[in-house]
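[1] My questions are about this predicted structure, shown below with the sequence.
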Amino acid sequence: MKQPNIKAVMANGIKTVSITWVNARVDQVDLAELIGDLAGLAELDNPALFAQVQVGEDGWSLLWPDGAEIGIDTLWRMAKEQAGQATPIREFASWRVRNHLSLTDAAIALGITRRMVAYYEAGRYLIPRMVGLACRGWEIDRRV
């Protein structure tokens, strides 16, 4: 499913935003991990600055007065992951590393293409919840 544009945003606590999408869906998105991971977002550790979040041009991003910006693709993916509707990239990547699987081996294990495994890890596509469940099932099956 293609993500909708952002209609409105409000800082909703420390490093959390409430995003209203144009389809009327509202998601609470915790940005703490992203802010901690990306040096370009370090200034958003300041609660007063974080609270000044605005919707970017045509609803394609979130913007702050210091120039920090987070794009819609990242926000949509995070909203889905945090709502339990998609598998987090880190969870998927750590499954592959933990089990010493190449991209090709992971694809074979899950019955998907090598290209999709690469796309999932690069964040180009949401990782369906069923793929995350398949990863867990694959590990359980190997322990027996």
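    Alright, I've got the coordinates.

[2] Contacts for the top helix by length along the chain, please.
    Ranked by number of residues, the top helix in the chain under DSSP state H is helix 129-143. Applying C-beta atoms under 8 Å, 6 or more residues apart in numbering, the external contacts of helix 129-143 come out as 84-88, 91-92, 95, 99, 109-112, 120. For glycine as for every other residue, the C-beta is placed from the backbone atoms N, C-alpha and C.

[3] So which bits of stretch 92-107 are buried?
    Buried residues in stretch 92-107, counted by 16 or more other C-beta atoms under 10 Å: 92-93, 95-96, 101, 103, 106-107.

[4] got the residue ranges for the strands in the chain?
    Taking DSSP state E, the strands of the chain run over residues 6-11, 16-21, 26-30, 54-55, 61-63, 69-71, 86-87, 127-128.

[5] Pick the most deeply packed of those.
    Of all the strands of the chain, strand 86-87 has the most neighbours on average by mean count of other C-beta atoms under 10 Å, namely a mean of 23.

[6] for it, the distance to its chain's centre please.
    From the chain centre to the centre of strand 86-87 is a distance of 8 Å (C-alpha atoms, centre = their mean, to the nearest Å).
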